[in-house]
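Trainee: Kindly generate the corresponding structure for this input.
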Amino acid sequence: MKKELKQLARQRIDERLVALKPEDRFAPPPKGWIRAIRDALGMTGVQLAARMKVRPQTVEALEKSEVSGSIQISSLRRAAEALDCTLVYVLVPKKSLEEAVNERARKIAIRELGRVAHTMKLEAQETGDTSTEKRIESYIRTVLNDRDLWNEK
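Mentor: Prediction:
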C-alpha cells in the first residue's frame, strides 16, 4: 500500500510540473530578474532600495548576486515583494519522477540479476525459460522499495 501512495504522490507532482516544461522558458534575463523587472517598471536602484528599506549599494549587490547565482532566497523574496512580484521557487525534474524511479529500479534490478545469473552460471545452475524482462519486473516488484533505489552502490 505504501508503495502505491508514493507512486501516486510522484504522479501528482509530475502533473503539477508538466506545465513548467520546457523549463528553459524561465531562464533569467542576462542582467537577472530583479534588474529586468526594475528597468521595465522604470524604477531606479535608489527607488527600489527605498522600497526595500536598504541602501542603494545593497540593491546593486543583490542584482549582481542574482546574476552570479549566489543570491539568497530570502533576499530574492524581499526584492520580489518590493517589486510587487511573487517569488516562485521550484525544482523541475529533467524527466518525470515516475520515469526516474522506474529507470533507477530497472538499472539496479539488471545489475543485481546479472550478478545472480553469473554466479548460477558458474555453478551450472542457469535459470530456465523465464524471460529476462519478467525476472526484472518481478525483482523490482518484490525486492526493491523506493528507499533502496537511492543508496549508491
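
Trainee: burial of the spatially closest residue to Met52 that is not a sequence neighbour, as a residue count?
Mentor: Closest residue in space to Met52, ignoring its immediate chain neighbours: Ala82 at 4.5 Å, by CB to CB, 6 or more residues apart in numbering. Heads up, the C-betas are built off the backbone N, CA and C, glycines and all. For Ala82, the count of nearby residues is 20 (other CB atoms under 10 Å).

Trainee: Same check on Cys85?
Mentor: 15.

Trainee: How is it assigned, secondary-structure-wise?
Mentor: State at Cys85, reduced to three classes by DSSP: H, G, I helix; E, B strand; the rest coil: coil.

Trainee: For the protein, which segments count as helices?
Mentor: 2-17, 33-41, 45-52, 56-68, 73-82, 97-122, 132-142 (DSSP state H).

Trainee: Rebuild those as CSV, extending it with distance to Asp148 and mean pLDDT.
Mentor: CSV is the format used below for the helices of the chain (distance: least, CB to CB, whole Å; pLDDT from 0 to 100):
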stretch, distance to Asp148, mean pLDDT
helix 2-17, 12, 89
helix 33-41, 40, 97
helix 45-52, 47, 98
helix 56-68, 38, 98
helix 73-82, 32, 97
helix 97-122, 7, 76
helix 132-142, 10, 81
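
Trainee: Now tabulate these in CSV and tack on distance to Trp150.
Mentor: CSV is the format used below for the helices of the chain (distance: least, CB to CB, whole Å):
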stretch, distance to Trp150
helix 2-17, 13
helix 33-41, 32
helix 45-52, 40
helix 56-68, 31
helix 73-82, 25
helix 97-122, 7
helix 132-142, 15
